[in-house]
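Participant: got a structure for you, letters missing:
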């Protein structure tokens, strides 16, 4: 009898484990799979019809969205009002409904966001609103205006009306491998209208994808799930492969925007529309001027965060182990940027998952074998389109013996004795990371770039990479006595 109960318990535990593994997480791949199931339940439905259904709850509740996209009927065209959710019905399956309902709770949890394959967190609502606006009929100019208003201008306008709200708070998932809860970090008071980094990412993606649809209508038989799967697929930056990639959202976005004043203008238009919809009296000139100044300051911060500075994957997202000991504060601005290659691992990492694994392996080696308190580098560049936070701008690293107090150490994952890192990774360090350091007063404007070998007896950063950085504008020679 005891054997029977042990066998029964094992079966039940196995079933429970299988059920847990099958439960969708808040990962983009799970959202796309749920969207694909909705498409299968509505054979022949056009993407515009499905988008109408998916965005209907948000549009019904938001006068601003209704003004641009039009009112929502109880049932979208072609829907069967008596059918159950997911089977030609008007109600969304519970998973999709939760995925599209964005809100920030007072305890810092952000809902309606998913983790994408490139390691960033994206709010889904602006993505789908951008797609729907891209399918709207009308002149291209009107489409562009609607896209700006729907994806980013209104959220920016709402924050401008209620300062001092924290701009662009970000956070971490409970588990990047199985994301189920996203919690903002580094802010004490977060309101429900907080303009989070995930909302900005969603707005950028919605604008990029919407403008793509506005200029090239989807082919017959195209699906929303297929479009999203392509855009959020493996984030390669090493080749000039055609198509859009989420890992390059910032470049795509700024190519469309052109210059920040355009976005500031759209934010002010969104604010005017919001006030009209609320039947508010026209603002006096003095108050309007103050608001314009506030929006311009907001745009300056936006440009710094999402244009001047590169995407940096925080420690929590690559699952760093805790620091051992007490970290030492740096005294910025510092004068040097020291370039390294990891040598081991020797192969470039091409995905968030691969790069995160390499980061953990290097940290284990530095802590357990070298006996250091943490991974030695300040930042690490992958070939996936992102930089990875090591000790960051704030804390002293262990990367260049005798010089750790006066500069930051940046390593490229891979062995670059005979080959170069991909162009995208080089540009991230040479232009974006260094420019961000200067803009945030972490680096002096006339900083100097050195290769590791110039200061320590080593072949690092490899012959090929050393020749490359020797041609950089800020490269400096070292005279040894």
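Facilitator: All right, it came through fine. Bear in mind that the values here come from a model prediction, so they are computed numbers and not experimental data. Numbering: from 1, shown residues only.
Participant: contacts and neighbour counts: CA atoms only from here.
Facilitator: OK.
Participant: Could you point out which residue ranges in the stretch 151-300 of the chain have low pLDDT?
Facilitator: For the stretch 151-300 of the chain, applying pLDDT under 70 flags the ranges 161-165, 187-193, 217-221, 234-243.
Participant: Quick test: name the residue nearest the centre of this structure.
Facilitator: The centre of the chain sits closest to residue 120, judged by C-alpha atoms, centre = their mean, with a distance of 3.6 Å.
Participant: The closest residue to residue 311 other than its chain neighbours: what's it in contact with?
Facilitator: Leaving out its chain neighbours, the residue that sits closest to residue 311 by C-alpha to C-alpha, 6 or more residues apart in numbering is residue 386, at 5.5 Å. Going by C-alpha atoms under 8 Å, 6 or more residues apart in numbering, residue 386 touches 247, 310, 311, 312, 313, 425, 428.
Participant: From what I see, the third one and residue 387 are in contact.
Facilitator: Yes - in this structure, residue 311 is within contact of residue 387 by C-alpha atoms under 8 Å, at 6.3 Å.
Participant: The nearest residue to residue 395 once chain neighbours are set aside - how many residues pack around it?
Facilitator: Leaving aside its chain neighbours, residue 395 sits nearest to residue 329 (4.8 Å; criterion: C-alpha to C-alpha, 6+ apart). A count of nearby residues for residue 329, using other C-alpha atoms under 10 Å, gives 12.
Participant: can you give me phi and psi for residue 329?
Facilitator: With angles defined as degrees, to the nearest 10, residue 329 sits at phi -70, psi 140.
Participant: on that earlier part again, among the contacts of residue 386, who's most crowded?
Facilitator: Neighbour max across the contacts of residue 386 (other C-alpha under 10 Å) = residue 247, 26 neighbours.
Participant: which SS state does that residue fall under?
Facilitator: When classified by DSSP: H, G, I helix; E, B strand; the rest coil, residue 247 comes out as helix.
Participant: Residue 380 too?
Facilitator: Assigned with three-state DSSP, residue 380 falls in the strand class.
Participant: Touching stretch 292-303 from outside, list them.
Facilitator: Contacts of stretch 292-303 (C-alpha under 8 Å, 6+ apart): 157, 160, 260, 263, 264, 267, 268.
Participant: what's the burial count for the nearest residue to residue 445 once chain neighbours are set aside?
Facilitator: Closest residue in space to residue 445, ignoring its immediate chain neighbours: residue 438 at 5.6 Å, by C-alpha to C-alpha, 6+ apart. Per other C-alpha under 10 Å, the neighbour tally for residue 438 reads 19.
Participant: For residue 438, what are phi and psi?
Facilitator: With angles defined as degrees, to the nearest 10, residue 438 sits at phi -70, psi -40.
Participant: Residue 431 is in contact with that one, correct?
Facilitator: No - under the criterion of C-alpha under 8 Å, residue 438 makes no contact with residue 431, lying 10.6 Å away.
Participant: follow-up on the earlier one: farthest pair within the contacts of stretch 292-303?
Facilitator: The largest separation in these, counting by C-alpha to C-alpha, is between 160 and 260 at 16.0 Å.
Participant: Compare these two (neighbour count), which wins?
Facilitator: Comparing residue 160 with residue 260 by other C-alpha under 10 Å, the one with more neighbours is residue 160, at 21 against 15.
Participant: For my notes, confirm the more buried one occurs in a helix.
Facilitator: Yes - counting by three-state DSSP, one finds residue 160 located in a helix.
Participant: The closest residue to residue 95 other than its chain neighbours and residue 41: what is the separation?
Facilitator: Taking C-alpha to C-alpha, 6+ apart as the measure, residue 95 lies nearest to residue 34, with 7.7 Å between them; neighbours along the chain are not counted. The gap separating residue 34 from residue 41 is 11 Å, by C-alpha to C-alpha, to the nearest Å.
Participant: the more surrounded of those two?
Facilitator: residue 34 (18 against 15).
Participant: which of the residues in the helix or strand harbouring that one are buried?
Facilitator: Element membership for residue 34, per DSSP states H and E: helix 28-41. Applying a neighbour-count criterion of 16 or more other C-alpha atoms under 10 Å, one finds 28, 29, 30, 31, 32, 34, 35, 36, 38, 39 buried in helix 28-41.
Participant: The nearest residue to the last one once chain neighbours are set aside and residue 448, how far apart?
Facilitator: Spatial nearest neighbour of residue 39, chain neighbours left out: residue 45 (7.3 Å); criterion: C-alpha to C-alpha, 6+ apart. Between residue 45 and residue 448 the distance, using C-alpha to C-alpha, works out to 58 Å.
Participant: any idea where the strands of this structure begin and end?
Facilitator: 103-104, 110-111, 113-115, 121-123, 171-173, 182-184, 312-313, 334-341, 379-381, 387-389, 407-412, 443-451 (DSSP state E).
Participant: other SSEs contacting the third one?
Facilitator: So that's strand 113-115. helix 28-41, strand 121-123 (3 or more C-alpha pairs under 8 Å, 6 or more residues apart in numbering; DSSP states H and E).
Participant: Need the contact partners of the shortest one.
Facilitator: Residues outside strand 121-123 that contact it (C-alpha under 8 Å, 6+ apart): 100, 102, 112-116, 197-203.
Participant: what do you get for stretch 24-39?
Facilitator: With C-alpha under 8 Å, 6+ apart as the test, stretch 24-39 has contacts from 45, 50, 86-87, 95-96, 99, 113-117, 178-181, 223-225, 228-229, 232.
Participant: Redo the contacts of strand 121-123 as TSV? Include neighbour count and distance to residue 60.
Facilitator: Converted to TSV, these look like this (neighbours: other C-alpha atoms under 10 Å; distance: C-alpha to C-alpha, whole Å):
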residue	neighbour count	distance to residue 60
100	23	13
102	20	14
112	21	17
113	25	20
114	29	23
115	26	27
116	21	28
197	21	25
198	24	23
199	27	20
200	22	22
201	25	23
202	27	20
203	30	20
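Participant: Many thanks, I have nothing further to ask.
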